[in-house]
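Asker: Using only what follows, build the 3D model:
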Amino acid sequence: MLLRYSLLIALFISCGGAAKAFSPQIGSKNSQLQHHHPTTRSINTNQIMMSAQTNNEITRDPIPNENIFFIEIGFGNDSHGQSATKAAVRACRNAIEFNSIPSIQRLIPDGGYDALKLDVLLAVPPKYRQGLDLDEVAKVFPYGHVRFEVQDGGMVAPSGIAIEKLGDDGDDMVVVCASVTVGH
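Answerer: You can find the predicted model right below:
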C-alpha cells in the first residue's frame, strides 16, 4: 500500500510538479496556490446539469487544513482522440475508485455527504487545456461540492500511431494528473 502511494506521488510530481504547487496551501491564503492555478471553479454535484446549461460559476474557498480528511492522487490518459476531458475523468476516477467513507455521517457536522467538499487539482497539458469540460469531470464524484483548480502540467506522449476512426488528429497521448482533497 505504501509503495502504491509512493509511486503515485512520484508520478504526480513528474506530471508538472502539481504536488509541489499544491503544498503551499498549508501556508497563508496569500500563498502561491492561487498564483499557480489560473482556473478555479466550484460545482455542487447536484447542480451539474444547471451549471452545464447556464455556464454559471459557483465558487468557494479551499478546504481549511483542519477540515481535510485525506488527499488522493490519480492519473489518466486518452491514448486516441486527444481529449483532456477523457484523461481528466480517468485521473479523477483513478484517485477515488478504491475508497469508501462509511462513517462520513459521523465525521462531518451538519450534513454528512451533502456537506462533503472536494478540492480537485488537475494538471493538464497546455496544448489540450482548452478542450477540458469541468462539468463532465464533475460527474465522476457522486456527492459533495466540487471545486476545481486547473494548472499547466500533465504530459503529452506519443502513442506510436494515429487512428483516424478513433478521432486522432495525430499520435499524441494526453495524460492528466489529479489531486483530490476530501474534507468539509
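
Asker: and Y113, helix, strand or coil?
Answerer: helix (DSSP: H, G, I helix; E, B strand; the rest coil).

Asker: Next, find the distance separating the nearest residue to it once chain neighbours are set aside from G160.
Answerer: In this structure, Y113 finds its nearest non-sequential neighbour in Y143, 4.3 Å apart by Cβ to Cβ, 6 or more residues apart in numbering. (Glycine included, C-beta is placed from N, CA and C.) Distance of Y143 to G160, computed by Cβ to Cβ, to the nearest Å: 39 Å.

Asker: ditto for E136
Answerer: Using Cβ to Cβ, we find E136 at a distance of 27 Å from G160.

Asker: cool, and L134?
Answerer: 30 Å.

Asker: Looking at those two, which is more packed in?
Answerer: L134 (21 against 8; other Cβ atoms under 10 Å).

Asker: and the more buried one, how far is that from V140?
Answerer: Counting by Cβ to Cβ - L134 and V140 are separated by 11 Å.

Asker: Correct me if wrong: N94 contacts A87.
Answerer: No: using Cβ atoms under 8 Å, N94 is not in contact with A87, being 10.4 Å away.

Asker: Compare neighbour counts for those two and give me the winner.
Answerer: Ranked by neighbour count (other Cβ under 10 Å), N94 and A87 place A87 first, with 30 against 20.

Asker: Which helix or which strand is home to that one?
Answerer: helix 84-96 (DSSP states H and E).

Asker: That helix - contacts with which helices or strands?
Answerer: Counting contacts by 3 or more Cβ pairs under 8 Å, 6 or more residues apart in numbering; DSSP states H and E, helix 84-96 packs against strand 68-78, strand 117-124, helix 134-138, strand 172-183.

Asker: quick one on the thing from earlier: which SS class is the residue nearest to Y113?
Answerer: From three-state DSSP, the assignment for Y143 is coil.

Asker: and it, what are its phi and psi?
Answerer: Dihedral angles of Y143 (phi, psi; degrees, to the nearest 10) stand at phi -160, psi 170.

Asker: what's the pLDDT at it?
Answerer: Y143 carries a pLDDT value of 86.

Asker: That one reaches L116, doesn't it?
Answerer: Yes: assessed by Cβ under 8 Å, Y143 is found in contact with L116 at 5.9 Å.
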